[in-house]
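1. based on what follows, work out the 3D shape:
(2 chains)
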Amino acid sequence: MPAEILDAVVVGAGPAGSAAALALARAGRSVVLLERGPFPGSKNVYGGVVYGRVLDEVIPRWWEQVPVQRWVVRRGTMALTGSQALSVDYRTQAWGEPPYNGMTTFRSDFDSWLADHAVAAGADLITSTVATGLIRGPGGEVTGVRTDRPDGEIRARAVIAADGVNSFLAKEAGLLPATAAAEHTLGVKEVLGLPASVIEDRFAVGPGEGADFEMIGVTRGIPGGGFLYTGTDTVSVGVVVSLTGLAASAVRPEELVADVKAHPAIAPYLRGATVREYSAHLIPEGGYRAMPKLAIDGMVIAGDAAGLCLAAGLWLEGVNFAIGSGLAAGRAVARAVGAGDTSARGLAGYRRELESAFVLADHKRLRGAPRLVLSERVQQRYPGMVCDLAEGVFTVTNPVPKPGLARLARQSAKRHGVRLSGLLRDTLSGARVYR
Amino acid sequence: MTAVGDRGGGWPETSFAELIGTVEFRVGQRAHITVDSGVCRSCTTKACVTACPANLFAPTADGGILFSYEQCFECGTCYQVCNNEGAITWTYPDGGHGVVFRNG
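-> Numbers count the residues shown, from 1 in each chain, chains lettered A, B, ... in the order given. Have a look, this model is predicted:
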């Protein structure tokens, strides 16, 4: 372990930590980047799409070198019941050309690639090392981290805790509660192998192009949703469910994934595929209202540790928020070190930068979304209602005359226990949340 | 937990053993999970048993919890859903050990 006092130590070489280390190294600051896994990304799981626009400012033409699986040109949102599916399926060739929009990848590849950029800029990456606790100065300020290596103390002018959703450093610092099941979801995923040409035929995409579908109504009433997306020669399928809902249901997580795989609208995509890897990870989905304080004396938190995943129904993003927060954290720490003040006040520029950029601006704007999306009506009543409405519209009832849309809407609402007043309330609150 | 059958997906379901067998674990010497079974005996929900995606927790006849740590995804579900404070102590495995996701 380095004996001198570093400018910064970054804990966690995920997208937040590597982005922070990259920004610090580019600013000429000495920085150690700690990773507890044997390589960056080895502990990480994501659920569909990585949006790389945030990289434009730091890695010009990143798309020419990023370890992409497929560029997403098809983005679908599906409402499912046991035997029905209503899809909004958008595709554009623009997303399959530079500068691109979203990609599928493997986190072992993507996170390692981003960490390589931090190392190339001058950061010192130390893998297979757990940061086990904070070192505090006489005034309680954070002055470094202890690790599980012999002589493993690392002293630094500032610590950036990018140690993920379970952030034990943020918990030790009192920024996060020990447990908060209501603010977390569990993602469970199966990665299945299929030949690339079969994937392209089934998903109607060209070589190098991919699809990402997200679903509601397929989690046995447990708040959450399902997902399905394409890699080069894999398809990934899984669910993201509320932890409290999962615990109360007593349903096993792999059963929920099996449900999605067996759904008549999903199964044909997967026929004949073989399981390559099973995985699970927690997601901080509490949004803006659950977000902790981001800076204390000598330390800032970034990425999942700061609860920066955006789970807003239409938009499910995390890696880009991690990178955005990591870059801002790295820049703020570099400035604070330069000014000789890494107290909470000296680090306050971090939050200001996040507020003026998408990271906190999006979260603030969409702060009501998690509650609406996970509400009982959106989860359990509306999928069936819209499916029945679509079925009524497209079922030909000859010789009985067509029933008319208003009557069909009333019937399907009634069948699913949806009252007009509740529907109006949700429409208004949806308009407010997404305004 | 080996629920092999056909739900209409067109192929047999994958058994849990088969699923977990796809994952690489570099098992460390130290158990990074400990469970105080004495506390578990007073627990009425035992949510860890069903919620853990790696299926590491099993109820015992005397009302306690039997657990293993070797094939853990390190997700944190168990301690988050645990409703008896202090029953599950959960830390990260030692550096370089534990789960290694290749396709995460």
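
2. part of a strand, is residue A:359?
-> No: using DSSP: H, G, I helix; E, B strand; the rest coil, the secondary structure at residue A:359 is helix, not a strand.

3. does the closest residue to chain B within chain A belong to a helix, a strand or coil?
-> Of all residues in chain A, residue A:128 sits closest to chain B, at 3.0 Å by Cβ to the nearest Cβ. The way it works is simple: take the backbone N, C-alpha and C, and place the C-beta from them, glycine included. Three-state assignment for residue A:128 (three-state DSSP): coil.

4. how about it: what's its closest non-neighbour residue?
-> residue B:96 (3.0 Å; Cβ to Cβ, 6 or more residues apart in numbering or on different chains).

5. same check on residue A:301?
-> residue A:161 (4.6 Å).

6. surely the one you found is in contact with residue A:12?
-> Yes: contact criterion Cβ atoms under 8 Å: residue A:161 and residue A:12 qualify, at 7.4 Å.

7. so what sits against both of those two?
-> residue A:305 (Cβ atoms under 8 Å, 6 or more residues apart in numbering or on different chains).

8. quick check, residue A:24 in a strand?
-> No: checked against three-state DSSP, residue A:24 lies outside a strand; its state is helix.

9. re earlier: where's the residue nearest to residue A:128 relative to residue A:38, distance?
-> 5 Å (Cβ to Cβ, to the nearest Å).

10. swap in residue B:66?
-> 29 Å.

11. cool, and residue A:197?
-> From residue A:197 to residue A:38 the distance is 34 Å (Cβ to Cβ).

12. looking at the residue of chain A closest to chain B now. What's its pLDDT?
-> We have a pLDDT of 98 for residue A:128.

13. got the contact list for it?
-> Contacts of residue A:128 (Cβ under 8 Å, 6+ apart): A:35-38, B:95-96.

14. quick revisit: of residue B:96 and residue A:38, give the one with the bigger neighbour count.
-> Taking neighbours as other Cβ atoms under 10 Å in any protein chain shown, residue B:96 and residue A:38 compare with residue B:96 leading, 19 against 16.

15. check contacts around that one.
-> A:36-38, A:127-129, B:26 are the contacts of residue B:96 under Cβ under 8 Å, 6+ apart.

16. can you show me the helices along chain B?
-> B:16-20, B:37-40, B:47-51, B:77-81 (DSSP state H).

17. give me the residues contacting the second one.
-> Judged by Cβ under 8 Å, 6+ apart, the contacts made with helix B:37-40 from elsewhere in the structure are B:46, B:60, B:63-66, B:84, B:86-87.

18. spit out the contact partners of the residue nearest to residue A:301.
-> A:11-12, A:167, A:169-170, A:173, A:299-302, A:305.

19. just the ones of those residues in strands?
-> A:11, A:299-301 (DSSP state E).

20. among those, find me the one that's closest to residue A:275.
-> Distances from residue A:275 to the ones in strands among the contacts of residue A:161, taken as Cβ to Cβ, are shortest for residue A:11 (32.7 Å).

21. from residue A:178, how far out is the closest one?
-> 18 Å.

22. residue B:78 now?
-> 13 Å.

23. do the same with residue A:341
-> 31 Å.

24. cool, residue A:83 as well?
-> Counting by Cβ to Cβ - residue A:83 and residue A:178 are separated by 43 Å.

25. give me the pLDDT for residue B:52.
-> 98.

26. ok, residue A:109 - contacts?
-> Counted by Cβ under 8 Å, 6+ apart, residue A:109 has contacts A:41, A:67.

27. who has more neighbours, residue A:11 and residue A:178?
-> residue A:11 (33 against 10).

28. the more buried one contacts residue A:160, correct?
-> Yes: with contact defined as Cβ under 8 Å, residue A:11 reaches residue A:160; the gap is 6.9 Å.

29. lovely, talk soon.
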